[in-house]
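A.B. asks: Provide a 3D model corresponding to the input given below.
(2 chains)
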Amino acid sequence: MLLIDCPHCGPRPELEFRYGGEAHVARPAEPATVDDAQWMAFLYLRSNPKGLHFERWRHMSGCGRFFNCARDTVSDKILKTYPAGQARPSLEALGLAPVDHEVRA
Amino acid sequence: MSSAYRLPHATCIDYTKPLRFTFDGKSYQGFHGDTVASALLAQGVHLMGRSFKYHRPRGVMAAGAEEPNALLDVSRGGGRSVPNLRATQVELYDGLVVKSQNRFPSLRFDVGAINDLLAPLFGAGFYYKTFMGPRKAWAHLYEPVIRHAAGLGHAPSKPDPDTYANQFAHCDVLIVGGGAAGLAAALSAGRSGARVIVADEQAQWGGGLLAERGVEIDGQPVQAWLAQTVRALQAMPHVRLLSRTTAFGYFQQNFIGLVERLTDHLAHPPQGQPRERLWQVRAKRVILATGAIERPLVFSGNDRPGVMLAGAARQFLNRYGALVGKSVLVFTADDAAYQAAIDLAQAGATVMAIVDLRENPQGPGIEAARALSLPVLTSHVVIETFGRLRINAAALGRIGPDGDVTPVKIEQCDALLMSGGFTPSVHLFSQSRGKLHYDADRQIFVPGISAQQECSIGAAKGTFALQESVQEGFAAGAEAAEQAGFKSQTIAPSRVRHDVPSCAGFSGAVPRPKGQRAGKAFVDFQNDVKVTDIISATQEGFKSIEHVKRYTTTGMATDQGKTSNMNALAVAADALGRTIPDVGLTTFRMPYTPVTFGSIAGLARGDLFDPVRKTPIHGWAQHHGALFEDVGLWKRAHYFPQKGESLHQAVLRECRTVRSKAGLFDASTLGKIEIVGPDAAEFLNRLYTNAWSKLAVGRCRYGVMLNEQGFVMDDGVIGRLADERFHVTTTTTGAPRVLAHMEDYLQTEFPELDVWLTSTTEQWAVIAVQGPLARQILQPFVTDIDLSPDAMPHMSVRTGHICGVETRLFRVSFTGELGFEVNVPSGQGRMVWEALWAEAEKHGACAYGTEAMHVLRAEKGFIIVGQDTDGTVTPADLGMDWVIGQTKPDFVGKRSLVRADMRKADRPQFVGLQTHDPHFVPDEGAQVVAVAEPATGSAALGFVTSAYDSATLGRSIALALVANGRARKGETVYLTRLDGQALPATIVDPVFYDKEGARLHA
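C.D. replies: Predicted coordinates:
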């Protein structure tokens, strides 16, 4: 069971959280203006990386807030958690060398 | 001391407390502190089990958790029954009843032993090769026979009467293993002030130390040092000592699962005491002091009762005062077995010979054995053993300079102690995802690079000498405490004397005379895997150890190969002509030893498995004979049968009564969310398809919620109570999902909106009063709301009082009749219900349940999300374009509705079905097909989503999703049946009753 550091409440057991899929997949500001291919990508295409993954979690049985998390999908190590709406942390901020991880733009 | 095999001195036995127990129906004596294995050995009993496949007689081989042979069934009555317990770990209590397993009719005479004679037929892959055909034989012959023969032990057949506790804990340092290294680590970590938990699977602290007698630590006899150390730890309030506690799994972020056995060792467990406690521990640092397991040597007949690990014999002697034999032969490749020979000799046994594989062993153990004139045969092997239910002799051979083995003599013996050295117990280290390192000199895997905040010490790390183990313990405890933020103190190094540590070993099949087959040389004792099985697997093309393991089943028994994996690996590597690390080790998986389901389930059993939700009116419904159905976690009144009515009869009556008079319905389970704030209307605009800005205060609207993919995910009536306050209702089971969906968008996509969301599902009891007489039933209780049709039209909401209680009164209908939904605070729900019921009875109204509710709404063509929709249905598919606020620039799901696929003509559409036979009620889920007997492989047009016998219409009705259904109105289709031919129906409009809605607006 992971120990997840809720940015609002501190470290809590995974039991209190719900996974929320990939983070930083922004909903187009004006959906009517995007074409079918772009909309399909927004709905269905996810990066599914082996390694560094930015993902959403919700502290369901705690503060109820959504937040983001940088986790390595190979080691299952959580590198950082940060509030929703904050920019994706840089690799340097996560203590990673740029060559190690390919991050989808 | 009733037995010649029981000695008067032991570290774990209380000789003042004799106990009686029965094994296979025969009564035996033992003492407090005994295990079943030690007590039986002390009575001269070695035969404790039959092997899995060949039913060979087996004795106890080890003294701890690794025991593969002596598996017992312990039944305490009343459903308390556990199979496959290791006799070496079952503690004795007065009156204990244990049985051996896998034998019929008895342990001494087992008809299954015929398999042993047929052994040549039962090699690796026997099942795969043998039971190829004919196909029919599988069902009637092979499977029943194999199922009967398969499996070890019998699963309990009754519900487990015990309770199990569950405890979460945090600590600075968790130490697994209470032997010399673990206790030393606990002492130094504890002295720093760190919160320490020490877990050990045994009843007594000390691990391997308990079997030591001549050793001195810091000038003290070993047992005195041990007692003093344990006392020091017990005196530290921040150190928690958990004995009888197995660390069974090592998970991410230093999360460790422990199972503490609380009552299995007690003759009379206290009432209400949990049987086991599951500890879920999060530790800043973990120290693994899990020790090492002795390896058997692999030679023909190495499984005969009386053949056991040398260290085990020593433990039985020194811990339990049980002498395993009077004339013992020792077969070793390691020094530690010499100490076993010396201890047994000093206890009165005759050591027939110490047979050492090595050419020129040197060391204090060997010297001490020679000083006692114990015969030492170097460069010798055991070739074969003899005896039926117990070893009585062994054939010895000499290894020549060229490696050839020459038989030399037969030696009589009643026990054979073997040692191939020790394998560090790296199970937990490996589970922590640490990388193992192969120590080629000693042919063992030791912990390499850590993946977590842990370290291994002592024998678990391959450090077999006591002095260094204790030293590592002190150092690791201090270091772990420091890393956890404590200031550690140095502990002066200990001086250990008279220790004979393991220093060498051997893996794989021992040499045998040229031309002689490996015979019955067992590698995996529990699964009966022999050297020849592993060799033939490699010859048949299995190159990976993971494949060899699965094909031969080596290491796959309940002991997970604790004594066998290294030997299996060595045999496979030898057969493949590769090195051991090249062939690789199989994965270590949790649990270390089997864990009860009870401890994992904890309190989540029976009524507590899932919480049950009941409405405030539940008790009334129960009192009035309602039968309930589960809807999510809720119990809902399904129907209210009167004197002998069936479900069908009750539902017809309830429906008729509602349509002709009125009915009361408990709708309290409806999900309710209060949406408040300056942007509440705008928020609803974005989350629901409908337009909300212009909804007047006091009015309601039916809202449909889509997911971003454009599919209907929920619906419900939403009332506007004030400009900035909405009362949202959701489906019963959808409430949590809808709130989570709303929170998601509010927090992450529309954070600029100033809105608050609050679940109020359980704050309001909801009483639906439906039917032509609904207004008359309510009227007497409502003082401050004008219920007249003009003042309170359909789809309006008022706040006021009913029975003197605050209410949110909705005029809504899910039945198609004049209807109200009375929301009152939950605490007053039953009082208001009872008042309304008294009035309703006067008018001949009824209480109705969810089944009648379903029928009534289906007559009106009202959908139930999740029944008439399946997550792939759009509002257009449902013929509900009118719910879409066309002028709104955006709402969740809007963009998806204009994707090409969403506008295809052949999408499923919501329609009604009128069966040609009015008595035929199709199955929900029945396929809708174009012809009565569709060609195999042809696609269905759709399927039935709802179907009922309608009292109102005097015939059956059905709703369905049918491809391009609206254009097919009037067409005949066929509805499949499980038990026969498809029957015809006509596609019709989904609204069967009161199409104009006149009754709604009454």
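
A.B. asks: let me see the domain layout of chain B.
C.D. replies: If you go by automatic domain parsing, the domain ranges for chain B are B:14-116, B:164-292+B:424-489, B:296-420+B:501-506, B:619-670+B:763-848, B:671-760, B:901-988.

A.B. asks: how about those domains in CSV, adding distance to residue B:997 and mean neighbour count?
C.D. replies: Yep, even glycine has a C-beta here, placed from its N, CA and C like the rest. Putting those into CSV (distance: least, C-beta to C-beta, whole Å; neighbours: other C-beta atoms under 10 Å in any protein chain shown) gives the following:
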stretch, distance to residue B:997, mean neighbour count
domain B:14-116, 59, 20
domain B:164-292+B:424-489, 55, 21
domain B:296-420+B:501-506, 83, 21
domain B:619-670+B:763-848, 8, 19
domain B:671-760, 13, 19
domain B:901-988, 15, 17
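
A.B. asks: my read: residue B:152 touches residue B:83, true?
C.D. replies: Yes. Judged on C-beta atoms under 8 Å, residue B:152 makes contact with residue B:83 at a distance of 7.1 Å.

A.B. asks: mutual contacts of those two, please.
C.D. replies: In the contact map built from C-beta atoms under 8 Å, 6 or more residues apart in numbering or on different chains, the residues linked to both residue B:152 and residue B:83 are B:71, B:101.

A.B. asks: which one of the residues in chain B is closest to chain A?
C.D. replies: Closest residue of chain B to chain A, C-beta to the nearest C-beta: residue B:895 (3.6 Å).

A.B. asks: and the nearest residue to that residue once chain neighbours are set aside, what does it touch?
C.D. replies: With sequence-adjacent residues excluded and distances taken as C-beta to C-beta, 6 or more residues apart in numbering or on different chains, residue B:895 is closest to residue A:31, at 3.6 Å. Residues in contact with residue A:31, defined by C-beta under 8 Å, 6+ apart, are A:39, B:890, B:894, B:895.

A.B. asks: buried members of those into ChimeraX, please.
C.D. replies: For the buried members of the contacts of residue A:31, the matching ChimeraX selection, counting by 16 or more other C-beta atoms under 10 Å in any protein chain shown, is:
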select /A:39 /B:894,895
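
A.B. asks: and the residue sitting furthest away from the middle of chain B, what element?
C.D. replies: Here chain B reaches farthest from its C-alpha mean at residue B:790, the gap being 60.7 Å by C-alpha atoms, centre = their mean. Element membership of residue B:790, judged by DSSP states H and E, is empty: it is in no helix or strand.

A.B. asks: ramachandran coordinates for it?
C.D. replies: Note on residue B:790: backbone dihedrals following degrees, to the nearest 10 are phi -70, psi -40.

A.B. asks: so which bits of chain B are right by chain A?
C.D. replies: Within chain B, the positions near chain A by C-beta under 8 Å from any C-beta of the partner chain are B:168, B:251-253, B:255, B:280, B:282, B:433, B:451, B:708-709, B:740, B:743-744, B:747-749, B:751, B:889-890, B:894-896, B:899-900.

A.B. asks: give me the subset of these lying in strands.
C.D. replies: With strands taken from DSSP state E, the overlap with the residues of chain B next to chain A comprises B:168, B:251, B:255, B:280, B:282.

A.B. asks: before we move on, the earlier item: export the contacts of residue A:31 as a markdown table, with columns for pLDDT.
C.D. replies: Below are the contacts of residue A:31 laid out as a markdown table (pLDDT from 0 to 100):
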| residue | pLDDT |
| --- | --- |
| A:39 | 96 |
| B:890 | 95 |
| B:894 | 97 |
| B:895 | 97 |
